[in-house]
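In: Give me the fold of what follows.
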Amino acid sequence: MTALGVLTIGQSPRDDIVPVLRHFLPPGTSIVERGCLDDLTAVEVDRLVPIDDRDAIETRLRSGDSVIVSKAALEPMLANCLIDLPKPILFLCSSVFDAMRNQSGVIQPNEIILPVMRHIAAGQTLGVVGPASDLPRQPDYWHPHAPNARFAAGSPTDDVDELIEAALLLRGQGCTMLFLDCMGFSEDQRHAIREATDLPTVAATTLLARLLPEFR
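Out: Sure, this is the predicted structure:
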């Protein structure tokens, strides 16, 4: 791999994620970023109002602020965002988008995360921490793979103490393993939660990042 395309549903650059990827990628790998909302003004982003709770999805703007937008509104934008990105392309979202199905050369986090976690969490009670906007979709997403999974709201933009509180809530509900279900979670956040809960903790970002060198 001499180049990696990175596509986010928000705005680039993703200074919170790309340094994590670089840590695991071969030296000299070129990273080309694109965001689905890159060319939109603040007013246009504000117009992407979710239809309902199941249509809401949280993402990050280049300012570092988080925003909740309509998942359905992003669908028609995504395919065009793939143009001119070098392959392989890492899609920085663990949610399922119809527009991203069967796209050649695109690494889809959900297609890797779910099978891996199904095996890693076998025999465990999995606790999933993810943005509040994802909670209405989480049971349908996770229960086919981790039937006993339980969920708590926590965003990468939250204070680490809030994330630890969410994780401890899940531990109190009997969870024996944790998964941080957003590509924005950092290795520092994973370590802090692991230390506070004394539970095995897996993060979407670093799980994918460790696999990227295999695409060389």
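
In: three-state assignment of Gly5?
Out: Secondary structure state of Gly5, per DSSP: H, G, I helix; E, B strand; the rest coil, is strand.

In: From the opening residue of stretch 178-188 to its closing one, how far?
Out: 15 Å (Cα to Cα, to the nearest Å).

In: typo on my end, it should be stretch 93-107
Out: First-to-last residue span, stretch 93-107, Cα to Cα: 10 Å.

In: Then stretch 134-145?
Out: 17 Å.

In: now what about that stretch, what contacts it?
Out: 53-54, 56-58, 95-96, 110, 114-115, 117-118, 126, 128, 130, 149, 151, 153, 181-182 (Cβ atoms under 8 Å, 6 or more residues apart in numbering). (C-beta placed from N, C-alpha, C; glycine too.)

In: one more time with 6 Å
Out: Stretch 134-145 has contacts (Cβ atoms under 6 Å, 6 or more residues apart in numbering) with 53-54, 114, 118, 149, 151, 153.

In: Can you list the buried residues in that stretch?
Out: 134-135, 137-138, 141-142, 145 (16 or more other Cβ atoms under 10 Å).

In: Do a quick rundown of the helices in the protein.
Out: Secondary structure of the chain (DSSP state H): helices located at 18-24, 42-46, 71-81, 109-120, 138-142, 160-172, 187-197, 204-211.

In: Dump those to JSON lines, plus distance to Ile31 and mean pLDDT.
Out: What follows is the helices of the chain, written out as JSON lines (distance: least, Cβ to Cβ, whole Å; pLDDT from 0 to 100):
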{"stretch": "helix 18-24", "distance to Ile31": "6", "mean pLDDT": "90"}
{"stretch": "helix 42-46", "distance to Ile31": "24", "mean pLDDT": "95"}
{"stretch": "helix 71-81", "distance to Ile31": "15", "mean pLDDT": "92"}
{"stretch": "helix 109-120", "distance to Ile31": "16", "mean pLDDT": "91"}
{"stretch": "helix 138-142", "distance to Ile31": "28", "mean pLDDT": "93"}
{"stretch": "helix 160-172", "distance to Ile31": "26", "mean pLDDT": "98"}
{"stretch": "helix 187-197", "distance to Ile31": "18", "mean pLDDT": "96"}
{"stretch": "helix 204-211", "distance to Ile31": "12", "mean pLDDT": "89"}
